[in-house]
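Enquirer: okay, sequence plus prediction incoming.
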Amino acid sequence: MWELIDSCWIQERWSTSITPKGGFFCEVAAAQDMLFDGPGGYPLEKNWWKKTPDEFKDQMKRYCANCSAAVPMPIPSANDAVDFISLSNEDNLKECGSRRFKRGGTQTFVKKMSKKEIEKNKKNWRPWEHRSFMQATPDLNSKDALIEYAEKESTGKVELDEMIKMGLLKEEDLV
Ligand code: SF4
């Protein structure tokens, strides 16, 4: 589990967050703290956001184990009517009186995944592509990444043409 969490795609792409309760290494952790009435984040002192993983281990232990973002599950669309939740979060949401949970806006995911299945799903798993439009990601900095992104199944050709128009790629790069 910690091996997956250590390379969590959300943590690698964005993440630090501030709420009225302090600073968090990850915005999903920050949201959990608000939702489940956690103990709050770090004091907002100068450079608080420069903490190393070792220094924010306490938040990782508290929130990552409660989060499935790093698990290579099937990718739901950001527009789906329901959110997948775990059994333990089902209890947490009941307890905190979540309105979304009450109105049936969640679906409890109970399937256990084997190590073999996780390894298989990890290949070509791109959970950040949960929208039908282009997003900036750090790995879009190299030409190879741009080409790979543009050739992906979901949006492909239109974005590719846009990138060429914007001068990010040339037709000959794609040969
Ligand atoms: S596992 Fe969840 S809480 Fe932990 S870094 Fe990833 S998104 Fe944040």
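Expert: Received the coordinates, thanks.
Enquirer: any part of stretch 114-127 near the ligand?
Expert: No - judged by C-beta under 6 Å from any ligand atom, stretch 114-127 and the ligand are separated, with a smallest distance of 10.3 Å. For every residue, glycine as well, the C-beta is placed using N, CA and C.
Enquirer: who touches that stretch?
Expert: 4, 9, 69, 71, 72, 73, 75, 113, 152 (C-beta atoms under 8 Å, 6 or more residues apart in numbering).
Enquirer: buried only: go through those for me.
Expert: Using 16 or more other C-beta atoms under 10 Å as the burial test, these include 4, 9, 71, 72, 73 as buried.
Enquirer: picking up where we left off before, give me the subset of the contacts of stretch 114-127 lying in helices.
Expert: 4, 9 (DSSP state H).
Enquirer: check the contacts of stretch 114-127 and tell me the two furthest apart.
Expert: 113 and 152 (23.9 Å; C-beta to C-beta).
Enquirer: where along the protein do the strands fall?
Expert: Secondary structure of the chain by DSSP state E: the strands cover 17-19, 22-24, 83-85, 106-108.
Enquirer: low-confidence ranges in the protein?
Expert: Within the chain, the stretches with pLDDT under 70 are 130-142, 144-159, 174-175.
Enquirer: show me the protein divided up by domain.
Expert: Domain ranges of the chain: 1-70, 138-174, per automatic domain parsing.
Enquirer: out of those, deepest packed?
Expert: Across the domains of the chain, averaging neighbours per residue (mean count of other C-beta atoms under 10 Å) puts domain 1-70 on top, at a mean of 15.
Enquirer: is it positioned near the ligand?
Expert: Yes - applying C-beta under 6 Å from any ligand atom, one finds domain 1-70 touching the ligand at 5, 8, 10, 11, 26, 28, 29, 63, 64, 67, 69, 70.
Enquirer: JSON lines for these, including distance to residue 118?
Expert: Shown next, in JSON lines, are those (distance: C-beta to C-beta, whole Å):
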{"residue": "5", "distance to residue 118": "13"}
{"residue": "8", "distance to residue 118": "14"}
{"residue": "10", "distance to residue 118": "17"}
{"residue": "11", "distance to residue 118": "18"}
{"residue": "26", "distance to residue 118": "21"}
{"residue": "28", "distance to residue 118": "20"}
{"residue": "29", "distance to residue 118": "22"}
{"residue": "63", "distance to residue 118": "20"}
{"residue": "64", "distance to residue 118": "16"}
{"residue": "67", "distance to residue 118": "16"}
{"residue": "69", "distance to residue 118": "14"}
{"residue": "70", "distance to residue 118": "10"}
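Enquirer: quick one, helices of the protein?
Expert: Under DSSP H, the chain gives helices at 2-6, 9-13, 27-35, 57-63, 87-96, 99-102, 115-122, 143-150, 156-165.
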